[in-house]
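*Asks:* what follows is a predicted structure for the sequence shown.
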Amino acid sequence: MNDDSGAFAPTNNRGADCEELRSSSPDPSAFQDSKIPEYLKDTYWWAYLHPNAVRFWEREWLVNAILWGNMQRLTSVVINELEMSAGSSVLQMACVYGQFSNNLTDHVASRDSQYHVLDIAPIQLANVRRKLSGCDNVSFHLQDSSKMHFPDASFEHAVMYFLLHEQPESVRRRSLAEALRVVKPGGKVVIVDYHRPYWWNGLRIAMWPVLKSLEPFALDLWRNPIESWLPADGWESATDLYCGGLYQKTVLKRL
């Protein structure tokens with residue numbers, strides 16, 4: 001296993017599942033790293049930063065339930081986009097609960113390529129390091145997705161899995177620009193996230209109050225396409241929808 005010496009989504013009965021964490025007081029010691037953005041401390045301490053967060057959320061069955069049984073399907077649509085030759089590098093731009101990183105690491109390793117995982121929260125990197133402890137093609141990076149330290153065109157592909165809906169618009173714009181910057185020309189930024197469900201989808205009624213109360217930035221993705229936060233040029237995009245429009249896969253190709 002490799003380390004970056006220069007640096008280093010809880011996601012439908014979620015309101016009930018996380019009530020214990022949300023009703024407890026934040027532990028200031030969990031947020032002592034000054035690099036962690038204020039919006040993350042204020043909004044998602046209960047999901048990613050609280051000392052008990054990892055123990056609570058790190059269950060594949062729970063993440064799958066939160067995604068209405070779509071975890072495996074949405075993981076597979078990412079993997080299917082990651083075509084590469086031997087010696088390639090792929091960047092995951094935030095940690096994910098469940099087996100997502102394990103599955104992508106195995107896929108990348110089968111192509112004799114390197115997998116890089118980035119997160120701004122040390123507790124999240126420690127968790128994914130534990131999950132991938134048997135892998136020797138992985139590097140870990142304590143960095144902010146909106147201001148990464150990698151040189152331009154460092155990776156064949158970048159992956160953003162339920163990241164954008166957790167970021168304020170200004171941070172989301174910067175993260176997308178950074179993703180396109182670090183991907184090589186011809187490479188892909190593969191994004192899976194929320195999308196406004198079709199009008200006939202019953203989950204539209206169920207998910208709106210959940211997202212409004214627990215994920216205050218998520219409804220931005222119901223109102224606007226991801227392309228609305230991208231730089232003016234230098235990319236082309238394609239979007240597929242899943243689960244009656246509740247989820248989207250948007251692939252950005254860097255030109």
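*Replies:* Received it, and whenever you're ready, just let me know what you need. Residues are numbered from 1 along each chain as shown.

*Asks:* which residues does the nearest residue to Asn137 once chain neighbours are set aside contact?
*Replies:* Distances taken as C-beta to C-beta, 6 or more residues apart in numbering put Ala109 closest to Asn137, at 4.7 Å, once the chain neighbours are dropped. Yep, even glycine has a C-beta here, placed from its N, CA and C like the rest. Counting by C-beta atoms under 8 Å, 6 or more residues apart in numbering, Ala109 touches 115, 135, 137.

*Asks:* return the distance of Ala109 relative to Glu83.
*Replies:* According to C-beta to C-beta, to the nearest Å, Ala109 and Glu83 sit 15 Å apart.

*Asks:* equivalent analysis for Thr75, please.
*Replies:* Counting by C-beta to C-beta, the gap from Thr75 to Glu83 is 16 Å.

*Asks:* more neighbours: which of those two?
*Replies:* Neighbour count, other C-beta atoms under 10 Å: between Thr75 and Glu83, Thr75 has more, with 23 against 10.

*Asks:* any buried residues in the one helix or strand the more buried one maps to, and which?
*Replies:* Thr75 belongs to helix 71-79 when elements are defined using DSSP states H and E. For helix 71-79, a neighbour-count test (16 or more other C-beta atoms under 10 Å) marks 71, 74-75, 77-78 as buried.

*Asks:* now swap in stretch 140-157 and tell me
*Replies:* 140-146, 148, 150, 154-157.

*Asks:* coming back round to it: got a list of contacts for the helix holding Thr75?
*Replies:* Residues outside helix 71-79 that contact it (C-beta under 8 Å, 6+ apart) are 60, 63-64, 67, 98-100, 103-104, 107, 159, 161, 190, 192, 240, 242, 247, 249.

*Asks:* gap between it and the chain center?
*Replies:* 13 Å (C-alpha atoms, centre = their mean, to the nearest Å).

*Asks:* low-scoring pLDDT stretches of the chain, where are they?
*Replies:* For the chain, the stretches flagged by pLDDT under 70 are 1-34.

*Asks:* using the three-state scheme, assign Gly69.
*Replies:* At Gly69 the chain is in coil, as set by DSSP: H, G, I helix; E, B strand; the rest coil.

*Asks:* doesn't Ser237 lie inside a strand?
*Replies:* Yes - with three-state DSSP as the criterion, Ser237 is part of a strand.
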